[in-house]
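> would you be able to build a 3D model of this:
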Amino acid sequence: MRDRSLAFLVLLLAACSPEADIATSSDNGEVAEQNRLDAVIASDLRSAENKARDQYRHPKETLEFFGVEADDLVVEMWPGGGWYTEILALYLADEGSLALVAADDRLDSVRKLAEAHPDAFKSVLFSPVDSPRDATTFPAGSADVVLTFRNVHNWEMGDEPYGDDMFAAMFDMLRPGGTLGVVEHRLPEDRPDEDMKTSGYMKQSRVVALAEAAGFELVEASEINANPNDTADHPRGVWTLPPRLRLEDQDRDMYLAIGESDRMTLKFRKPE
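Here you go, the predicted structure:
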């Protein structure tokens, strides 16, 4: 955390990204309670469907592990449907700010959330990028925390992986001493490396190697989001499990009983 003017940061981000879209409003009393994070997670602005996943995604424990504070400038890298975005937006609304960095079309879902809940998204800034290999629209050395949830496999799958580019971009965004938090589907270390290309799971050693190659130091690994029931060898990869359930009714009860994937939770630091 650093002492800063939110207004200055808004101007800085807007100048850096001409397409920045800032949701503004006047009040968010629900997150002003003493235990802000508990209030946010219990907020009626979160859908019942999203709250049902808290048992697998452990948002309070995860954000506390990463050390996210209510007055931080946080970057969420590559948000998808906005599951964590709505929590972070509410949590940071009054004192901090949240920047969303992704390809422009990937931000459509969270833009809809912002339109539906302008008060909650009043301190959210959109920072679209032209391509995954050019994720540098965010001002260098500005973020207190960069977070990415279940994205590394997307960057590493296929014939032209770009995980190294993404970790380099996240390193560049952070201030010295800042934190990178990564949650990712976990592949057992004894599986073939080729499984990382198709399964949606990543070896923890590979994620750590990508981060360290970019200059990060591993601070700590947590089992907050571990699921020992997940064998990580399903017919349709990680998407066999909820919430996707790619096999639809086939063995549905079995996969629901397993729950969401086994996940690594890694905290890195950008050296001073």
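
> list phi and psi for the nearest residue to Leu187 once chain neighbours are set aside.
Ranked by Cβ to Cβ, 6 or more residues apart in numbering and with sequence neighbours excluded, the top spatial neighbour of Leu187 is Tyr201, at 3.6 Å. Heads up, the C-betas are built off the backbone N, CA and C, glycines and all. Dihedral angles of Tyr201 (phi, psi; degrees, to the nearest 10) stand at phi -100, psi 150.

> look up how far Thr240 lies from Tyr201.
Here Tyr201 is placed at a distance of 11 Å from Thr240 (Cβ to Cβ, to the nearest Å).

> so the two - more neighbours on which side?
Tyr201 (24 against 21; other Cβ atoms under 10 Å).

> tell me which element Leu88 falls in.
Using DSSP states H and E, Leu88 sits within helix 83-92.

> what number of residues lie near the closest residue to Asp172 other than its chain neighbours?
The spatial neighbour of Asp172 that comes closest, neighbours along the chain excluded (Cβ to Cβ, 6+ apart), is Ala140 at 5.0 Å. Here the count is done by other Cβ under 10 Å, and Ala140 has 13 residues near it.

> how close does Ser142 get to Ala99?
Counting by Cβ to Cβ, the separation of Ser142 from Ala99 is 9 Å.

> more neighbours, these two?
When Ser142 and Ala99 are compared for neighbours, Ala99 comes out ahead with 26 against 20, by other Cβ under 10 Å.

> ok, what's across the strand from the more buried one?
The bridge-partner assignment for Ala99, based on DSSP bridges, gives Val75, Leu125.

> now the one 4 residues further on
According to DSSP bridges, Val129 are recorded as the beta-bridge partners of Ala103.

> confirm for me that it is in contact with Phe126.
No. Counting by Cβ atoms under 8 Å, Ala103 stays clear of Phe126, with 11.5 Å between them.

> more crowded one of the two?
In this comparison of Ala103 against Phe126, neighbours counted by other Cβ under 10 Å, the higher total goes to Phe126 at 24 against 14.

> from memory the more buried one sits against Leu98, does it?
No. Counting by Cβ under 8 Å, no contact exists between Phe126 and Leu98, whose distance comes to 10.0 Å.

> can you give me the neighbour number for Met254?
10.

> tell me which helix or strand it sits in.
Here Met254 is covered by helix 252-258, with elements defined by DSSP H and E.

> list the buried ones in that helix?
By neighbour count, with 16 or more other Cβ atoms under 10 Å as the criterion, the buried positions of helix 252-258 are Tyr255, Ile258.

> do stretch 61-75 as well
Under 16+ other Cβ under 10 Å, the buried positions of stretch 61-75 are Thr62, Leu63, Phe65, Phe66, Val68, Glu69, Ala70, Asp72, Leu73, Val74, Val75.

> what of stretch 218-231?
Residues of stretch 218-231 classed as buried under the neighbour-count rule (16+ other Cβ under 10 Å) are Ser222, Ile224, Asn225, Asn227, Asp230.

> give me the contacts around it.
56-58, 61-62, 65, 179, 183, 186, 204, 208, 211-212, 241, 257-269 (Cβ atoms under 8 Å, 6 or more residues apart in numbering).

> which of these are buried?
Neighbour counting over the contacts of stretch 218-231 (16+ other Cβ under 10 Å) leaves 57-58, 62, 65, 179, 183, 186, 204, 208, 211, 241, 258, 260-269 as the buried ones.

> among the residues you listed, which lie within strands?
Per DSSP state E, strands hold the following members of the buried ones among the contacts of stretch 218-231: Thr179, Val183, Arg186, Arg263, Met264, Thr265, Leu266, Lys267, Phe268, Arg269.
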